[in-house]
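Participant: Sequence unavailable; structure follows:
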Ligand SMILES: [Zn+2]
């Protein structure tokens, strides 16, 4: 009998889940509202119902399911399946893994959402040809996940791989974690938007105003669009963003020397405008050069399914 795996991606707004086989093929998937203001047991009961419905849709029996893997934002203790703290869902020491396992009678493995996406890309996405990969997601913050020898490296009590909170500029921009000058404070989409707004204030004639007539309309795309149209102030924003992103990535390469760095998150939609100069920076500054141990920089390939597939892969 073929074996199947359930992957769950717990978010502050939606819970996405899917049934997949050992090759990462998704047979059925769905999204339900999280309803995060409710007691966690009610949320776990909804997850159980979602899993039963998915098995029915995929026409498989629960007995052929090995277990459930779940990725959740926040600090996770993967050994106990507990969400220690998650500001997105406002969970504090919630044993969601044990609760769901009791409801469905299957083992449940839990990890941080960025770790799950890292494992998904490593197994089935942009990293599938490599055994050591580093995943970095450029969104509201900067998340990360480290896969060594095909296995997730989570650190002591799963608290590691917080690559966004490594300082690249002592005394620099304040970070949500309490330090200043973190990688996240320069390489997140939030940071790119902040710097775009600052540059627009300094350059009232900039084309950036054409793409974002008011400050509220500035996105991570604004400076890229204006730079593409030849705007120099916008190009300076992009150059500075890529310089900081590149320095943060080179730091991580010098510690881990993975075979590939995989980038995810909205900023990656810029493709070559981001990748070409970034690869140049990484090639130039990675310690010892690229001849002996080249490091590839690639864009994630699984999109929104990375977290779900990676969570399922926790059981494989
Ligand atoms: Zn920080």
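Facilitator: On my side now, so go ahead. Only a predicted model underlies this, so the values are computations on that prediction, with no experimental measurement involved.
Participant: What segments of the stretch 51-200 of the chain are strands?
Facilitator: 65-72, 75-77, 82-86, 91-94, 108-112, 133-138, 142-148, 151-153 (DSSP state E, counting those that start in this stretch).
Participant: Where is the longest helix in this structure?
Facilitator: With DSSP state H setting the assignment, residue counts place helix 232-256 as the longest helix in the chain.
Participant: for that one, packing partners?
Facilitator: Using 3 or more C-beta pairs under 8 Å, 6 or more residues apart in numbering; DSSP states H and E, the elements in contact with helix 232-256 are strand 133-138, strand 142-148, helix 184-187, helix 189-202, helix 208-211, helix 222-228, strand 260-264, helix 272-285. The way it works is simple: take the backbone N, C-alpha and C, and place the C-beta from them, glycine included.
Participant: out of these, which comes closest to the ion?
Facilitator: In this view, the helices and strands packed on helix 232-256 are compared for proximity to the ion by C-beta to the ion, and helix 184-187 is the closest at 5.3 Å.
Participant: List the residues that contact residue 6.
Facilitator: The contact partners of residue 6, taken as C-beta atoms under 8 Å, 6 or more residues apart in numbering, are 17-20, 51, 54, 65, 67-69, 106, 312.
Participant: By neighbour count, which of these wins?
Facilitator: With neighbours taken as other C-beta atoms under 10 Å, the top of the contacts of residue 6 is residue 312, carrying 36 neighbours.
Participant: Not counting residues beside it along the chain, what's closest to that one?
Facilitator: Excluding the flanking residues, the one nearest residue 312 by C-beta to C-beta, 6 or more residues apart in numbering is residue 7, at 3.2 Å.
Participant: That neighbour - how many residues pack around it?
Facilitator: Here the neighbour count serves as a burial measure; for residue 7 (other C-beta under 10 Å) it reads 29.
Participant: Residues of this structure that sit close to the ion?
Facilitator: By C-beta under 5 Å from the ion, the residues of the chain that approach the ion are 165, 175, 177, 179, 182.
Participant: beta partners of the last one?
Facilitator: Taking DSSP bridges as the rule, residue 182 bridges to residue 167.
Participant: Alright, that wraps it up for me.
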